[in-house]
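J.: Predicted coordinates and the sequence they were generated for:
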Amino acid sequence: MLRTSRPFLLPAFALVLSLMVSGCDISNSNDKNDENAIEPPETYEFTRNGESTVAYPGQTDRLDMVEAMKAYIATAHDGETISEQALLDMFENTDGNGGGHFTFTSERQLKNKTFGPDLDENLFEDFFAKAAAASENGEADEGVPGLMRRGDGYILVDAKGREFTQLVEKGLMGAVFYNQIFNVYLTNDRIGPNVENEALREGTNYTDKEHHFDEAYGYFDAPVDFESDWPDSRTGELRFWSKYSNGSDPQLGFNDTIMEAFIQGRTAIINDNQGKLEQQVEVLYENLELLAAATAVHYINSTLSHWNEGNQGEAFHALSEAWAFVNALKYNPDKTITPGQIDQILNSDFGENGSFWNVTLDGLNNAKSTLVDTYPDLEPVQDQL
Amino acid sequence: MMAHARVTYFSAILLLAILFAACSNSTSSDQQINFDRSEMLSNYGNNIILPSFEEMQTAVEDLQTAAENFENESTPEQLENVQTALKDARLAWQEVSPFQFGPAESVLLRSSINTYPVDTDKVDDNISSGDYSFGGIDNQDIAGLPALGYLLHGVADSNEEILARYTTGAEAENRMKYLLDNIAFVKDKIDTAAGEWQPSGGDYIGMFLSEENAGTDKGSSLGRLVNHYVRHYERFLRDGKIGIPSGIKSAGTPRPVAVEAYYGGYSAELAIANLNQIEHIFTGAGGKGLDDNLLAINNRVDFDTEELTDDIKSQIDEAQSALEQLSDPLSQQIENNNEAVLTSFEELHAIVSMLKADMTSALGITITYQDNDGD
């Protein structure tokens, strides 16, 4: 079963079983019927009657929206004043074009896909208001929001030294993208046994169940042939989660693991094999969470490295990234890390009262070891990430 | 003018990177069979890195002893002894500073020990209030060896007056305490980092020399060593010691106060010592080094590594000669005749692409650091 009622799966056993039977006729014995069952393709491409059944334009729109919001906030780095209303308009997609701030039109929006508790706390709305105020505030200092030197340029930070572009961009990668994958599209409600998987949705070439799974894939946003050892020449095709997957792929092999789970999961839907689908969904929950944790460790290392080189702005930038990736862990309903540990990292380890100005070496090391202890896969690679 | 030069420099690097990307496949490990990389790493670990950390430890221990003697017996001789011990420690630092990975980075060794210029106002305030702590991200410039330089050379114009600031001055006691606390802070950092390297301690050297890390990939020992070596050379020797104070890396405006040992007045000497260590690391200081590795793969890569090795060595010599033309105090040299300083920058700069692009691509090492992650 999926999120609502999970069986006691034995992933190792499942893996062995799937290895044993892969490539044999018997592998399809549970599929809806042998002659129609397919083998997992090499790439995330699925067809019916010669036409693709994969579509996720709504996800692409929202990814574009987050990009536009980040770019807008980043204009403050060059000294522009930014507007709270503009950010709210982009968040809510006012008039279908972000209140005139998008270069595209869309009927979707980010706000109504944002994690409920974050909306209740006005998490992002507060960031927008503070970012706008900070952009008129001059130079940042301890307890003072504003511009902070980073390399040859500046970043806009809040009173705690956290960079707004990271809080918003990476924040939404968690609160929208991961939230939608974890709490919506990969749940029983959307890909469970009772979801329509025979009749095609009107005017489309896919079933509801196929489409829901594709929408989860759309939030990962990888090229259809994404894989490990991804060539440098094609990193421009990656953004958001697929980009960070590739970032720690050399150490942890995320590209193959996550892509294979998506491809096999989608194949299982076509074959109407709920058991196999749920095995792959398990793999996705586990590895997407691990990806956020690995990326957080990467940025803690990066913080130390910049700090050791005397670059406070670079260090705060990296720590802002780490903040958002640790925060992203909370969106997995079955997360390994506890809410208390997340709170400890964000509000104590990264500086007393969550202020980066108070960060200590011990705090960073403490955060790192909490992550490594919680996710043992990170242990052997913790210093290489 | 400067912007143009920079563009040209980056274009050259880019071009080289593109050129060498095409032949990176030709440097696979089977083509390096004649060269024992483990032997080279062992030379680095056992004969260069460990002794460098040990010498730095000893130098700081001596500095602490000298300062304690100075506290017990505040005479001109004892003051001079601490000043000499500080200089020795700062010279010893030149040997350790290119190795800012692993244990050094874990304890923030560089930013703790050698952040300059010093925030002298903050130091003075701290001495007055007696209320301070070291090691925060926002106060790296109140501690470390440069701050000790200020405390021992910069608080007055002559040794006689400096001595008075520690004996009869209003804040003599606080100042002495700040001096000793600062040394204790430095000592704790170097002791921890050195202990982590030691086989009897954290045994980082065991990992450094392990077979699984003997490759050339990102996490490999050689990959780390070379990345930090080149990074140090570029950013902390070329820029930090020469480029920034001479104005090349600070928008054309010379900043004499930004030299490494502004108060002690021996910044050029430190730069020379550091370049010596850069050369030692390249040549392996009598053992197997990067130069031997390059020579061993000559005719196996698409360009002449023998020529490259010669070029690197002779350009280091050029840079060394240029640095020797400078006189200490370097801050005065910058104010009086900055041309010679700018020349030394150019000579130092000429080595960067050889190390960063040519050497690394020949050896199959990827430079993974960049100034920022681009987002």
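T.: Now that the structure is in, tell me what you want to look at. Treat the numbers as computed from the prediction; the structure is a model and nothing was measured.
J.: just checking, A:Ala268 is part of a helix?
T.: Yes. Secondary structure of A:Ala268 (DSSP: H, G, I helix; E, B strand; the rest coil): part of a helix.
J.: quick one: average pLDDT of the longest helix along chain A?
T.: Using DSSP state H, we find that the single longest helix of chain A is helix A:274-308. Averaging pLDDT along helix A:274-308 yields 97.
J.: In terms of helices and strands, where is residue 137?
T.: Picked chain A for this. Here A:Asn137 is covered by no helix or strand, with elements defined by DSSP states H and E.
J.: how many other residues sit next to it?
T.: A:Asn137 has 16 neighbours, counted by other CB atoms under 10 Å in any protein chain shown. C-beta here means a position set from N, CA and C on the backbone, and glycine is covered the same way.
J.: Identify the residue nearest it in space, chain neighbours excluded?
T.: A:Gly146 (4.0 Å; CB to CB, 6 or more residues apart in numbering or on different chains).
J.: rewinding a little: mind listing what's buried along the longest helix of chain A?
T.: A:274, A:276-308 (16 or more other CB atoms under 10 Å in any protein chain shown).
J.: so the residue nearest to A:Asn137 touches A:Ala131, yeah?
T.: No. If you go by CB atoms under 8 Å, A:Gly146 and A:Ala131 don't touch, sitting 10.8 Å apart.
J.: quick one, phi psi at B:Gly215?
T.: phi -80, psi -160 (degrees, to the nearest 10).
J.: Is the closest residue to A:Phe104 other than its chain neighbours within a helix or a strand, and which one?
T.: Of all residues not flanking A:Phe104 in the chain, A:Asp64 sits nearest, at 6.3 Å (CB to CB, 6+ apart). Using DSSP H and E, A:Asp64 sits within helix A:57-74.
J.: so what does the longest helix of chain A touch, helix or strand wise?
T.: helix A:11-21, helix A:240-247, helix A:249-252, helix A:254-270, helix A:312-328, helix A:361-374, helix B:103-106, helix B:109-113 (3 or more CB pairs under 8 Å, 6 or more residues apart in numbering or on different chains; DSSP states H and E).
J.: follow-up on the earlier one: averaged pLDDT, the helix or strand following the helix holding A:Asp64. What do you get?
T.: Next helix or strand after helix A:57-74 toward the C-terminus (DSSP H and E): helix A:84-92. Per-residue pLDDT values over helix A:84-92 give a mean of 98.
J.: Quick check, the residue in chain A closest to chain B?
T.: A:Gln384 (3.8 Å; CB to the nearest CB).
J.: so that residue sits right up against A:Gln251, yeah?
T.: Yes. Checked against CB under 8 Å, the pair A:Gln384 and A:Gln251 is within contact range at 5.4 Å.
J.: For the closest residue to chain A within the stretch 151-300 of chain B, which three-state class applies?
T.: Residue nearest to chain A within the stretch 151-300 of chain B (CB to the nearest CB): B:Gly219, separated by 3.8 Å. Three-state assignment for B:Gly219 (three-state DSSP): coil.
J.: residues contacting the spatially closest residue to it that is not a sequence neighbour?
T.: Leaving aside its chain neighbours, B:Gly219 sits nearest to A:Gln384 (3.8 Å; criterion: CB to CB, 6+ apart). By CB atoms under 8 Å, 6 or more residues apart in numbering or on different chains, the residues touching A:Gln384 are A:Gln251, B:Lys218, B:Gly219.
J.: Nearest to B:Ser52 among those?
T.: B:Gly219 (22.6 Å; CB to CB).
J.: which parts of the stretch 101-250 of chain B sit against chain A?
T.: Where the stretch 101-250 of chain B comes near chain A, counting by CB under 8 Å from any CB of the partner chain, the residues are B:102, B:104-111, B:115, B:135-138, B:140, B:217-219, B:235-236.
J.: coming back round to it: burial check on the residue nearest to A:Asn137, number of neighbours?
T.: A:Gly146: 20 surrounding residues under other CB under 10 Å.
J.: Check what pLDDT it gets.
T.: 97.
J.: For it, give me its contacts.
T.: Contact analysis of A:Gly146 by CB under 8 Å, 6+ apart lists A:Ala134, A:Asn137, A:Gly138, A:Glu139, A:Ala140, A:Leu156, A:Val157.
J.: so A:Ser106 touches A:Leu63, yeah?
T.: No. A:Ser106 sits out of contact with A:Leu63 when judged by CB under 8 Å, with a separation of 11.0 Å.
J.: Poorly predicted segments of the chain, please.
T.: Just so you know, I chose chain A. Within chain A, the segments meeting pLDDT under 70 span A:1-34.
J.: please go with chain B instead
T.: B:1-34, B:370-375.
J.: Now with 50, please.
T.: With pLDDT under 50 as the threshold, chain B has low-confidence stretches at B:1-33.
J.: Spell out which residues make up each domain of it.
T.: B:44-205, B:216-363 (automatic domain parsing).
J.: What backbone torsions are found at the residue of chain A closest to chain B?
T.: Taking degrees, to the nearest 10, you get phi -100, psi -20 for the backbone angles of A:Gln384.
J.: How about A:Arg201?
T.: Listed backbone geometry of A:Arg201 is phi -60, psi 140, with angles given as degrees, to the nearest 10.
J.: just the one 10 residues further on next, same as before
T.: With angles defined as degrees, to the nearest 10, A:His211 shows backbone torsions of phi -70, psi -40.
J.: sorry, back to before: looking at A:Ser106 and A:Leu63 now, which is surrounded by more residues?
T.: Between A:Ser106 and A:Leu63, counted using other CB under 10 Å, A:Leu63 has the larger neighbour count: 22 against 17.
J.: Could I get the buried residue list for the lengthiest helix in chain B?
T.: Determined from DSSP H, the single longest helix within chain B is helix B:172-197. Of all the residues in helix B:172-197, those buried under the rule 16+ other CB under 10 Å are B:172, B:175-176, B:178-179, B:182-183, B:185-187, B:189-197.
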